[in-house]
Every structure is written in structure tokens, then in C-alpha cells.
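[1] sequence plus predicted model, see below.
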Amino acid sequence: MATQRIRHLRPLLRPISHLHPTSPPPCKPFSTSAPSLAVRSTGPSPTVNHNAQRFRSRQKEHPEAYKIALIVPIEYVLSAHKAKQIPFRPQTFYKVIEASLPHTGSRPSRAFGEFICREFAMSAKDFGAIAVFLVKTLPHVNGRDMDEGKRNVRLELMYTILHSAALLGDPAAVVLHFQLLDGITRKLGRKTEQVEAHEAFQRVQEVARLGNSAALAVVASTLELKGDRKGALEAYLKCGEAGDGDGYAHGGQLVKTLKGDREEAMRLWRKGAVSLDSAKCYYNLSLEIDPKDPEHEKFMLKAAASGVRGAAHNLGFYYSKLAEKKNIPLAKEWYCVSQGEGMVESVYNLLALLKKEGKTEELSTWVGADMFVKAKLSDVQELKARERFAGPNPGQAAIQ
């Protein structure tokens, strides 16, 4: 069961922001000196003795997979230390990894997290920083490594540290752990993962009640998926109040669809855009503003510059169709940016512009090879006549 779970971690360990609207912000300090984390006994970790023999056996079977430097290459660790993503020297990081490896064959626990924090005089926040670093780094490392043994060890190590940090209550680890478990549950649908995901969601709710914006975003999106749009709206608005403008972006959409209150939705989006510089709020505003209004172009540019899906496509359409002074070269540039973000609709619109110029043979110089193939395989008739990308779902966009 553990092996199957690790295998299903791989496709989920792509950019986490794809799973939920926001990614976790830096978590608040969390001290192991708090009464709830106090550990009076000293000595080896409570689970090491039980797993030492099994760990040594696995180490003998796959010696290369358990070499510390091979698990996390030094260049990644040095870069993270320089960027202050991990708050201690690389030597300490590798010692923590070495001490954690014997635990990868056992169930993650709060006791293990307490042991690491005590042994290395670190807080739960520091331990959580290791977990977040591993989640962000190991997919890139595994993507370059064809050794199955090393890949599995990395994933087991990452999950053990992440789950244990979540049990300690570190906000960033709590959020990431639920996101991974939720993805596994959706893929496997087994009762074991469903129970664990439910427990993980309860921890997210606890962190959300403390005002953590990332946890609030996860609670809101989860409630929305379950059909509780009223609860989702409340959580999204709290997320915005906690400083995440995307909360206002999603909350405004619900206000508009649930209550039919466009003016209130616009107010929320302006608040998220102006006060919190939310690219999604800028995007939502641009869809509601008349293209003749100078703010339309201004807001769409802000959204496109931040990589909001659909914004670059809409700018291409704006400069080729809606602007008072058409700018076809600029339209082609934005369609090129958009197809690079995976928008096949932009390939069709770019082709339409090139056809008017009699330069269809130049399409391959504007479009990546993968998107060129994708565009050929797509059924154009299924893309209805909507001339702007108007929402988060690619099926809502249309071609010229």
C-alpha cells in the first residue's frame, strides 16, 4: 500500500499551485518549547530501534539510493540556504536528512518530529521549512534521475518529513500535506487515504481558524468542490482579509454567481487589485470593463504579466480586434505568449492572423512543436464561438 501511494505521489508533485488557488506563505514561528511539544525523555528516536534492522536491510539492498548527497544534490541545498528557504547551514540540513532516513519505512509521527526538533534545536517552523523545500525540489531531482530506487527513497523521505511536520502543526506543512493526500485520495479512492485526508483537512481547518491565508484558501476551494458555496464564500472573504488578494478574486466570482451582485463583486476585485495587487482580481475586472475603457488594457496587461491563464490570449484578441488602433504585430506576440502557457485557442487565432498576411508557413516559428501537434489533434468544432477567454476553463474560450 505504501509503495502504491509513493508511486501516485509522482504526478502530484508538480507545481502545488495547480492544486489550489494559492501556495502557502511563510508560516509563523512555532517553538518546540511550547507545552504541547515538550518531550521530557532523551535518547534515540522512539521508532529507530524498531526499524533499524529493516532500514539496514534496505540500505544494503540499494546502497546508492541511500547516499545523502544523491538524495538531495548539494547545489539545490546551497541555493535554498542562500535564498533563506532553509534557515540553517547545509551541514545541518544533511544531518537532519541522515537522521530521518531510518524512519522512512515507518508511519510518520509527531514523536519523530519532536525528536528531530529536540536533537537539532530547531522549531516546528524550521522542520516544516525542510518539508516545503523537499516538496518543491525533489520532483525536479527525480525528473533527472532514472534510478527507481533513488526516486522512491526521495519520495518516502519527503512524505515522512512533510507528514510529521504537519502533525507538529507547522502551517505550511499542514497545507501541503493535505493537498498531496487530497490528490492521492481522488486518484485511488481508497478508504485508508480518505480517512487520512479527512484528518488532514481537520488540521487545515484548525490552522485556518488562526487566520492563515493559505489554509483559508484550501478550506474555501475544498468547500466549493463539495458544493458548499456559501461556506466557500465566507472562507474566501476571510482569506482576502488575511492578506491574500486571490481570496477576493474567487469570493467576488461567487458573489456574482450566487447573489447576482455584480457591483459587490467589482468592489471586492478592486480591493484585491489595488490593495493586495492580485493578478486574478485584475483579470476579473478586465473581463467586466468595456474594452474601450483604458482600464481594460491596463488591468489585462497586469494579469498577463503575472501569468494568469487567458490574459495573454485576451490581449492578443484585444490588439487584433477590439483596440481603437489595431496592433497586429503585438497581437501575434501575445498569442505566442499564450500558446506557451498551453492555450491551444491562441494557436488557431495566430494562424488566422497569419492567413490574412499570406504567411501560414510561419506558424511553426511562432508555436512550440508540442502545441503545434496539440492544435492539429484538437477538434476545432468543439470550441464554441466565444471570442475571448472568459474564465478558468479552457472550454469556455473560442477561436476566430
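    Arrived safely. Numbering: from 1, shown residues only.
[2] quick one, grab the pLDDT at residue 366.
    pLDDT for residue 366: 91.
[3] do you know how far it is from residue 375?
    11 Å (CB to CB, to the nearest Å). Where C-beta positions appear, they are placed from N, C-alpha and C, glycine not excepted.
[4] repeat that for residue 206.
    46 Å.
[5] these two: who's more crowded?
    A side-by-side neighbour count of residue 206 and residue 375, using other CB atoms under 10 Å, places residue 375 first with 19 against 14.
[6] touching, the more buried one and residue 367? I think so.
    Yes. Counting by CB atoms under 8 Å, residue 375 does reach residue 367; the two are 7.3 Å apart.
[7] quick check: neighbours shared by these two?
    Counting by CB atoms under 8 Å, 6 or more residues apart in numbering, the contacts common to residue 375 and residue 367 are residue 347.
[8] give me the low-pLDDT residue ranges for this structure?
    1-66, 69, 142-147, 377-400 (pLDDT under 70).
[9] tell me how it divides into domains.
    Following automatic domain parsing, one gets these domains for the chain: 2-210, 212-303, 309-400.
[10] for those, which one ends up most surrounded?
    Of all the domains of the chain, domain 212-303 carries the top mean neighbour count, a mean of 20, counting by mean count of other CB atoms under 10 Å.
[11] how far does it sit from the chain's center?
    A distance of 18 Å separates the centroid of the chain from that of domain 212-303, by CA atoms, centre = their mean, to the nearest Å.
[12] now stretch 187-201, how far from the centre of its chain.
    For stretch 187-201, the distance to the chain centre is 19 Å (CA atoms, centre = their mean).
[13] let me fix that: stretch 369-378
    Counting by CA atoms, centre = their mean, stretch 369-378 comes out at 26 Å from the chain centroid.
[14] shift numbering so it begins at 109
    Sure, I'll start numbering at 109, so the last one becomes stretch 477-486.
[15] contacts for that stretch next, please.
    447, 448, 450, 452, 455, 456, 459, 471, 472, 475.
[16] just stretch 421-434 next, same as before
    394-395, 399-400, 404-405, 408-409, 412, 435-436, 438-443, 446, 451, 453-454, 457-458, 461, 495-497, 505, 508.
[17] still on that earlier bit, redo the contacts of stretch 477-486 as TSV? Include secondary structure.
    Shown next, in TSV, are the contacts of stretch 477-486 (DSSP: H, G, I helix; E, B strand; the rest coil):
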residue	secondary structure
447	helix
448	helix
450	coil
452	helix
455	helix
456	helix
459	helix
471	helix
472	helix
475	coil
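[18] looking at these, which one is closest to residue 364?
    Nearest to residue 364 out of the contacts of stretch 477-486 is residue 450 (CB to CB; 26.2 Å).
[19] mind listing what that closest one touches?
    Residue 450 neighbours (CB under 8 Å, 6+ apart): 417, 479.
[20] what about it, distance to residue 419?
    For residue 450, the distance to residue 419 - CB to CB - is 13 Å.
[21] and the helices in the stretch 109-258 of the chain?
    Secondary structure of the stretch 109-258 of the chain (DSSP state H, counting those that start in this stretch): helices at 110-120, 156-169, 176-179, 182-190, 198-208, 218-227, 232-251, 256-276.
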